[in-house]
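Peer 1: Sequence first, then the predicted structure:
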Amino acid sequence: MGATESKLAFRKNVFQLYEQRGIPAQEHEYWARFYQLPETAEDVFNLFSPKDTRKVRDAAPENLETLISKLITRLSEFLDSEEKPTPETCKQALNCVRTMTRLIPYIFELEKPELEDKLFWSEATIGADVSEVLLSATGSESSEASAARAKVAGEVRGVRLMKTVIGLLFFRGFTIPFTSAQETVGVHYTIWSPGVGASSAPTATREHHTNRTETLRLLLTLLSRSIYVKPAAIVSKFQHRWASVVIHGGSTTGIEKRGVLTLLCSLVNTVCAYDPVGWGIVPYNHMLFTDTQEQLVALSVHTLVALLDVAESNESVGVRSTLSESKSANAYLPGSTKRVTIHAEVLMLFWKLIEANEILTILSAIIYFTLQSRNDPTQVGLSRMCCFLLHNLSQERAFGVQLNTHFDAASAAASGASSIASKQLPVFSSGTWADFLFLSAHAFITTTGGKFSQLSSLHETLLIALANVSPYVKGLSVVAANKLMTLFSAFASPGFMFAAEGHHKYIFYVLEIFNNLLQYQMTGNSPLIYSIVRNKQKFYDLHRLTFEGAQADIQRLRALKAARLQQQQSGGSVPATPLNGDGEEDREEAEAEVSTPGMSEKARGKQRAGSGEASERAGQERNSEAAAAQVAAAVPVVPTFDDKGKFVPTKEWFYYWKAHLPLSVILTLCDTLAPQIEHLCIEKGLNDDRQVLEHLQSGTLVGLLPLPHPIYVRRFFFNEAMRIWFTSYLWGVIFLKSTGTTNPEIVKLCPPIWTGKLCFHRRLSISLTAPILGTQVRLFHVKLSS
């Protein structure tokens with residue numbers, strides 16, 4: 001629609017659509033202008049504004065119904081045509097797709113679904129659509145084709161539209177190229193790219209990619225019904241009827257199974273076959289060449305994940321049923337079900353998938369995105385998903401065993417992700433992927449803390465992942481062991497433990513990591529053993545800590561900070577004062593390199609003096625420990641909060657969880673090895689930690705420590721809350737990509753489906769009642785301009 005007159009004619013059509021009620025369906029010229037006049041997607045989206053769409057929806061819903069019926073009928077005619085598609089007919093089909101993509105979001109946004117039910121799912125409209133098909137039949141059309149079209153029109157509009165969209169994705173001459181002149185016209189379920197299900201595929205042109213992109217946008221718009229549902233209804237009341245047409249393939253109301261499989265394989269292969277480098281030998285190639293396939297790949301990923309999100313319980317139905325039916329020989333009714341004999345092949349398929357799986361490459365990518373997104377408030381969802389993936393991977397024993405692979409910085413840097421991630425971590429000359437994981441978790445936890453950080457809740461997830469893999473880690477490096485001790489020092493400070501209700505759980509996770517490494521992999525973890533022995537006083541202090549002592553330590557720290565602040569304001573300085581319980585001091589001490597010189601005679605004297613003071617303090621606190629044992633024997637204590645909702649630690653709460661601290665293994669280790677190491681250093685005059693490590697490696701502790709406890713794996717559960725979060729995050733990302741917020745180049749190819757700016761807010765939804773230009777999304781918080 002290059003001419004100004006054509007654009008004005010289209011705008012007059014739009015005005016008439018909501019100004020004149022009840023426009024007859026027989027005015028074919030008027031309705032045809034909606035798919036004949038526009039030339040580009042920008043024409044449709046710019047000339048059919050959101051304000052116009054709402055006016056039509058609210059003032060003349062009968063005209064909106066007629067328009068939708070005309071657009072679906074025109075697409076059906078295009079699919080049923082026996083002639084090869086021409087540029088004009090392809091343009092008309094694209095305009096129908098564009099107009100439907102424009103209209104549907106404003107039908108979905110209504111709080112009550114009556115209009116959607118009437119337009120797409122009411123059986124009362126079936127007869128009207130059949131009449132429309134027979135009325136629009138051309139004289140040259142065969143009776144068989146006309147009857148087939150009438151039969152298809154006998155379905156409700158929602159099913160008919162969904163089948164039409166899937167058919168357009170595999171229509172020869174529109175989205176599938178002709179490979180020979182003898183090929184027939186019509187829907188041919190041909191996989192787009194070679195890969196799963198196809199060893200080869202016809203070469204598609206830029207025009208085919210563009211048509212696939214615009215058709216996938218309509219399919220994604222139909223699947224976006226989820227974002228107009230409140231979070232609480234996602235897992236309870238909401239039934240995704242649009243996605244059910246695809247998911248329930250082969251049923252009387254669904255798409256045939258061949259079409260569903262071809263769609264899924266096409267989406268997967270398009271993503272896997274995409275090469276973002278392209279002309280990689282040319283610097284700044286992305287500025288010289290337009291990558292039209294990038295949006296097609298993005299839409300393929302969005303559509304595939306959206307379908308799997310709806311069909312999460314049906315993803316592995318085929319494999320699960322195959323394996324279960326293979327065991328039917330032991331059924332109570334022999335022969336009642338067919339026994340499938342391809343179970344060996346299915347298991348072999350799993351074997352090859354596991355064998356070819358580059359899990360360490362995936363791990364490096366996950367860690368890369370975890371570290372890169374931690375400081376960006378707009379990437380909180382990405383950080384959460386990466387941490388959840390690490391938790392999910394950690395529950396598998398094979399993953400923990402594979403972490404013992406040598407970490408080659410040179411080869412890992414070739415992947416790109418590891419090179420950037422390794423720049424943000426301490427340098428370790430020799431180590432394993434376990435060191436890489438532990439150091440990455442330490443970097444994330446120590447840089448995303450704070451009372452108001454949205455990522456603080458992920459610290460527990462990372463600690464659980466480390467605890468799950470710790471029984472299989474054969475040896476941590478000196479740097480990783482040191483950083484792990486740093487986390488213990490920070491978590492064991494009274495100020496941190498008393499700051500929130502669940503902070504004491506972090507101590508349990510770190511102690512579990514220590515115990516797993518000591519009891520299952522002691523031989524290769526001499527750096528960790530030496531680090532524990534050097535910091536034995538911290539474990540003794542935690543074991544002897546009382547509620548009164550913790551409160552006094554917190555008050556002392558507060559007084560010191562107040563004094564420092566007052567001195568800074570007055571321009572003075574405060575002398576450094578050593579503190580036994582200060583988390584910051586402990587953290588600085590724990591982060592010291594283990595490769596520094598060993599304990600001198602003066603240091604050993606101070607350590608003995610400190611031990612004597614600890615013994616005196618232990619004698620004074622004996623009565624408090626006896627009282628603590630009585631409290632710990634009681635039932636679990638409910639945490640208390642003040643009037644403002646702030647957590648208030650109590651003596652009962654403290655002594656209940658403190659009595660369950662798994663410190664016995666570590667205390668036994670310290671009591672046994674500390675005197676030996678001190679005697680060794682004095683007797684042989686050792687002043688180098690490396691000599692102490694060699695001594696620990698040559699010795700054995702068999703029989704000294706308690707028997708290993710059973711390995712406890714905390715599994716990742718995909719509950720309702722997680723389902724709501726994932727669905728909202730998925731569609732939030734799709735929303736951003738559609739609006740061009742993350743990649744403006746996409747908007748140049750296709751205008752955004754939705755309008756508005758996504759706001760990253762703690763709430764998942766917000767009530768929007770003010771007049772707005774964009775669509776009203778209820779699944780997550782969207783800021784829209786008026």
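Peer 2: All right, it came through fine. Numbering: from 1, shown residues only.
Peer 1: Low-confidence bits of the stretch 101-250 of the chain, can you list those?
Peer 2: 124-125, 127-154, 181-182, 249-250 (pLDDT under 70).
Peer 1: can you map out the strands along it?
Peer 2: Ranges of strands in the stretch 101-250 of the chain, per DSSP state E, counting those that start in this stretch: none exist.
Peer 1: So which residues of it form helices?
Peer 2: Using DSSP state H, counting those that start in this stretch, the helices found in the stretch 101-250 of the chain span residues 114-116, 126-136, 143-153, 157-168, 206-223, 231-234, 241-247.
Peer 1: Direction-wise, compare the longest one with helix 157-168 and give the angle.
Peer 2: It refers to helix 206-223. Counting by axes from the mean of the first three to the mean of the last three CA atoms, to 10 degrees, helix 206-223 lies at 160 degrees to helix 157-168.
Peer 1: Alpha carbons only: can I get helix 206-223 in PDB?
Peer 2: Provided in PDB are the C-alpha atoms of helix 206-223 (Å, rounded to 0.1, in the frame of the first residue of the first chain):
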ATOM      1  CA  ARG A 206      14.200 -15.300   2.300                       C
ATOM      2  CA  GLU A 207      10.500 -15.000   1.300                       C
ATOM      3  CA  HIS A 208       9.700 -18.400   2.900                       C
ATOM      4  CA  HIS A 209      11.500 -17.400   6.100                       C
ATOM      5  CA  THR A 210       9.500 -14.200   6.200                       C
ATOM      6  CA  ASN A 211       6.200 -16.000   5.700                       C
ATOM      7  CA  ARG A 212       7.100 -18.500   8.400                       C
ATOM      8  CA  THR A 213       8.000 -15.700  10.800                       C
ATOM      9  CA  GLU A 214       4.700 -13.900  10.300                       C
ATOM     10  CA  THR A 215       2.600 -17.100  10.600                       C
ATOM     11  CA  LEU A 216       4.500 -18.100  13.700                       C
ATOM     12  CA  ARG A 217       3.700 -14.700  15.200                       C
ATOM     13  CA  LEU A 218       0.000 -15.500  14.800                       C
ATOM     14  CA  LEU A 219       0.400 -18.900  16.300                       C
ATOM     15  CA  LEU A 220       2.300 -17.400  19.200                       C
ATOM     16  CA  THR A 221      -0.500 -14.800  19.600                       C
ATOM     17  CA  LEU A 222      -3.000 -17.600  19.900                       C
ATOM     18  CA  LEU A 223      -0.900 -19.300  22.500                       C
END
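Peer 1: Enumerate the positions of it that are buried.
Peer 2: Residues 208-223 are the ones in helix 206-223 that count as buried (16 or more other CB atoms under 10 Å). Quick note: C-beta positions are derived from backbone N, CA and C, even for glycine.
Peer 1: Show me what it is packed against.
Peer 2: helix 87-108, helix 157-168, helix 241-247, helix 293-310 (3 or more CB pairs under 8 Å, 6 or more residues apart in numbering; DSSP states H and E).
Peer 1: just these: most buried one?
Peer 2: Of all the helices and strands packed on helix 206-223, helix 157-168 has the most neighbours on average by mean count of other CB atoms under 10 Å, namely a mean of 23.
Peer 1: What helices and strands are in contact with that helix?
Peer 2: helix 61-80, helix 87-108, helix 143-153, helix 206-223, helix 241-247, helix 257-272.
Peer 1: would a markdown table of the ones you listed with distance to Ile367 be doable?
Peer 2: Output for these, formatted as a markdown table (distance: least, CB to CB, whole Å):
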| stretch | distance to Ile367 |
| --- | --- |
| helix 61-80 | 46 |
| helix 87-108 | 37 |
| helix 143-153 | 51 |
| helix 206-223 | 30 |
| helix 241-247 | 33 |
| helix 257-272 | 22 |
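Peer 1: Which among those helices is found nearest to Gln691?
Peer 2: helix 257-272 (52.8 Å; CB to CB).
Peer 1: Tell me, how many residues neighbour Asn687?
Peer 2: As a burial measure, Asn687 scores 13 neighbours (other CB atoms under 10 Å).
Peer 1: Okay, helices next: where are they in the stretch 351-500 of the chain?
Peer 2: Along the stretch 351-500 of the chain, counting by DSSP H, counting those that start in this stretch, helices occupy 359-372, 380-394, 397-402, 409-413, 417-423, 433-447, 458-469, 478-491, 494-497.
Peer 1: Out of those, which is closest to Lys505?
Peer 2: helix 458-469 (6.6 Å).
Peer 1: Which residues does the closest one contact?
Peer 2: 383-384, 387-388, 390-391, 393-395, 399-400, 403, 434, 437-438, 441, 444-445, 448-449, 502, 505-506, 509-510, 512-513, 516, 713-714 (CB atoms under 8 Å, 6 or more residues apart in numbering).
Peer 1: For the residues you listed, which PyMOL command selects only the ones that are buried?
Peer 2: The buried residues among the contacts of helix 458-469 can be selected in PyMOL (16+ other CB under 10 Å) with this line:
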select buried, resi 383+384+387+388+390+391+393+394+395+399+400+403+434+437+438+441+444+445+448+505+506+509+510+512+513+516+714
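Peer 1: who wins for proximity to Ile734 among the helices and strands packed on helix 157-168?
Peer 2: When the helices and strands packed on helix 157-168 are compared by CB to CB, helix 206-223 sits nearest Ile734, at 7.0 Å.
Peer 1: Select, out of the helices and strands packed on helix 157-168, the one closest to Leu307.
Peer 2: Once the helices and strands packed on helix 157-168 are compared by CB to CB, helix 241-247 is nearest, at 6.2 Å.
Peer 1: so what's Ile281 scoring on pLDDT?
Peer 2: Looking at Ile281, its pLDDT reads 49.
Peer 1: tell me which element Gln697 falls in.
Peer 2: helix 689-698 (DSSP states H and E).
Peer 1: tell me the mean pLDDT for that helix?
Peer 2: Mean pLDDT, helix 689-698: 74.
Peer 1: gap between that helix and the chain center?
Peer 2: In terms of CA atoms, centre = their mean, to the nearest Å, the centre of helix 689-698 is found 43 Å from the chain centre.
Peer 1: Between helix 478-491 and it, find me the angle.
Peer 2: Going by the same axes, to 10 degrees, helix 689-698 makes 90 degrees with helix 478-491.
Peer 1: which strands and helices sit next to helix 689-698?
Peer 2: Using 3+ CB pairs under 8 Å, 6+ apart, helix 689-698 sits against helix 526-534, helix 664-684.
Peer 1: can I get these in TSV with mean neighbour count and distance to Asn46?
Peer 2: Formatted as TSV, these follow (neighbours: other CB atoms under 10 Å; distance: least, CB to CB, whole Å):
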stretch	mean neighbour count	distance to Asn46
helix 526-534	23	64
helix 664-684	15	68
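Peer 1: So what's the residue count around Arg172?
Peer 2: Look at Arg172: counted by other CB under 10 Å, it has 19 neighbours.
Peer 1: Name the nearest residue to it, sequence neighbours excluded.
Peer 2: Of all residues not flanking Arg172 in the chain, His188 sits nearest, at 5.2 Å (CB to CB, 6 or more residues apart in numbering).
Peer 1: For the one you found, which residues are in contact?
Peer 2: Taking CB under 8 Å, 6+ apart as the criterion, His188 is in contact with Phe170, Phe171, Arg172, Ile176.
Peer 1: Most widely separated two among those residues?
Peer 2: Using CB to CB, the two most remote members of the contacts of His188 are Phe170 and Arg172, lying 7.9 Å apart.
Peer 1: so what sits against both of these two?
Peer 2: In contact with both Phe170 and Arg172: Val187, His188, using CB under 8 Å, 6+ apart.
Peer 1: Which positions in the helix holding Gln697 come out as buried?
Peer 2: Asp689, Val692, Leu693, His695, Leu696.
Peer 1: How many residues are close by Ser453?
Peer 2: Neighbour count for Ser453, taken as other CB under 10 Å: 15.
Peer 1: how near is it to Thr486?
Peer 2: Between Ser453 and Thr486 the computed distance is 18 Å (CB to CB, to the nearest Å).
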